[in-house]
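> build me a model from this:
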Amino acid sequence: MGDKTMTAEEVVSRLESGMTLGIGGWGSRRKPMALVRAVLRSEITDLTVVSYGGPDVGMLAAAGRIRKLVAAFVTLDSIPLEPHYRAARERGAFELTEIDEAMFMWGLRAAANRLPFLPVRAGLGSDVMRVNPGLRTVTSPYDDQETFVAMPALRLDAALVHVNRADRRGNGQYLGPDPYFDDLFCEAADTAYVSCERLVDTAELTKEAAPQTLLIKRHTVTGVVEAPNGAHFTSCAPDHDRDEAFQKHYATTPWPEFAERFLAGDEQRYRSATDAWHRERSGEEPSGKEPS
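This next block holds a predicted model:
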C-alpha cells in the first residue's frame, strides 16, 4: 500500500472511451469536478455514466461525452433540474436509464459485493418498471413468496469521487453532514480515483474527526489527487459552500460560451477564470494579469 498520489491528468490517462464511469457526490454536493473537468479536457467519449447526477452529468452531456446515463435524478439542488442535462436529453443525445434512488443504491451494493443483482422493494407499483422494461422481478424462495425488483448490479470500470481529506495511501475522509454513497462507488468499480481538498498524514485523519468519518478504504482506491476547491462550484462542507452565484451563471450561460471561458485550459486557468468572473460581478477592477 504505497504512495498513490497522482495528478488529475494522470487519472484521465488511465480512462478510456466507452468505459462505464461512476461519479460520486449527490446533485450539486461534493462532486469531483476537478476530475470531471480533466475528463472534459481529454478526448474521452462514448461513456456510460452512473451518477446521482449534478453538474458532472450536465457538463459531460453538453459536451457530447455520454452514450448512456444511469441516474436517479440530475439536479443542481437550488436549481431543481440541471438545464444543460435537460437540453441534451430533449434532443435525444444519449440513452437514459432512470431508476429510484434506493434502487440505484442497491445496484451499487450488488456491484460492491460482486453479485449480479439484489432484491429490493423500491420500484414496485411505480412506472419505474414500465419505463425500464429490462428490469425483472424475483420471488422469495421462502414461505413468504414475496415479489421483489431484481435490481441489477451497477458495475463500474472506474469511479471518481471527492472527499475532504485523504492520505497518500488512499484512505478518504468526509467531514460534512452526509457521506452520500462514495464508498459504494469505489467498491463497485474496477479502479477508483479520489480527489480531496487536502492531503494529510494518515495519523492526522483521526485527529480531526472520528474514525467513522474514514468513509473510503485504501484497498478500494487506485489513485489520490490533491485538488483544493476541487468540488467547485458544488459544495464540500465544511471546507466550502456551494458557489451559488457561479452555479446560476453556469445554468444560464449557453454551453459553448461557458466551455470556452472556463474549460479551455488546465485547472489553474479554471481557477483564474472563475476568480476573474467574481471580480467582474463585484465590480472590482481586473488585475490585467494573464492566468498562469
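
> give me the buried positions along stretch 5-12.
Counting neighbours by 16 or more other Cβ atoms under 10 Å, one finds that the buried residues in stretch 5-12 are Thr5, Met6, Ala8, Val11, Val12. Every C-beta, even on glycine, is put in place using the N, C-alpha and C of the backbone.

> which residues touch it?
Outside stretch 5-12, the residues within contact range by Cβ atoms under 8 Å, 6 or more residues apart in numbering are 34-35, 37-39, 41-42, 44, 160, 168, 193, 195, 199, 223-227, 267.

> so which of those residues are in strands?
When DSSP state E is applied, these are split such that Leu160, Tyr193, Ser195, Leu199, Gly223, Val224, Val225, Glu226 fall in strands.

> nearest residue to Phe94 other than its sequence neighbours?
Closest residue in space to Phe94, ignoring its immediate chain neighbours: Ile66 at 4.5 Å, by Cβ to Cβ, 6 or more residues apart in numbering.

> please report the distance of that neighbour from Ile216.
25 Å (Cβ to Cβ, to the nearest Å).

> which one of the buried residues of stretch 5-12 is nearest Ala111?
When the buried residues of stretch 5-12 are ranked by distance to Ala111 (Cβ to Cβ), Val11 comes first, at 20.4 Å.

> so that closest one: helix, strand or coil?
Here Val11 takes the helix state, with states given by DSSP: H, G, I helix; E, B strand; the rest coil.

> same question for Leu96.
strand.

> tell me where the chain has helices.
8-13, 33-40, 55-62, 83-90, 101-112, 128-131, 182-187, 202-208, 244-252, 255-262, 267-282 (DSSP state H).

> now do the first one, average pLDDT.
Looking back up the chat, that one is helix 8-13. Helix 8-13 shows a mean pLDDT of 98 in the predicted model.

> what of the fifth one?
Predicted confidence along helix 101-112 averages 98 (mean pLDDT).

> same question, the fourth one
Predicted confidence along helix 83-90 averages 98 (mean pLDDT).

> measure the spatially closest residue to Val39 that is not a sequence neighbour to Asp266 for me?
With Cβ to Cβ, 6+ apart as the measure, Val12 is the residue that lies nearest to Val39, at 5.7 Å, once sequence neighbours are left out. The span separating Val12 from Asp266 equals 12 Å under the rule Cβ to Cβ.

> which residues are common contacts for these two?
Among the neighbours of Val12, those also in contact with Asp266 (Cβ under 8 Å, 6+ apart) are Arg41.

> could you dump stretch 239-257 to PDB, C-alpha only?
Output in PDB follows, covering the C-alpha atoms of stretch 239-257 (Å, rounded to 0.1, in the frame of the first residue of the first chain):
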ATOM      1  CA  ASP A 239     -14.500  23.300   3.600                       C
ATOM      2  CA  HIS A 240     -16.700  25.500   1.300                       C
ATOM      3  CA  ASP A 241     -20.300  26.100   0.400                       C
ATOM      4  CA  ARG A 242     -21.800  25.800  -3.000                       C
ATOM      5  CA  ASP A 243     -20.900  28.800  -5.200                       C
ATOM      6  CA  GLU A 244     -24.500  29.700  -5.800                       C
ATOM      7  CA  ALA A 245     -23.700  32.800  -8.000                       C
ATOM      8  CA  PHE A 246     -21.400  30.900 -10.200                       C
ATOM      9  CA  GLN A 247     -23.800  27.900 -10.400                       C
ATOM     10  CA  LYS A 248     -26.500  30.300 -11.600                       C
ATOM     11  CA  HIS A 249     -24.100  31.700 -14.200                       C
ATOM     12  CA  TYR A 250     -23.300  28.100 -15.400                       C
ATOM     13  CA  ALA A 251     -27.000  27.300 -15.600                       C
ATOM     14  CA  THR A 252     -28.000  30.400 -17.600                       C
ATOM     15  CA  THR A 253     -25.000  30.500 -20.000                       C
ATOM     16  CA  PRO A 254     -25.000  28.700 -23.300                       C
ATOM     17  CA  TRP A 255     -22.700  25.800 -23.100                       C
ATOM     18  CA  PRO A 256     -20.200  26.800 -25.900                       C
ATOM     19  CA  GLU A 257     -19.700  30.200 -24.200                       C
END
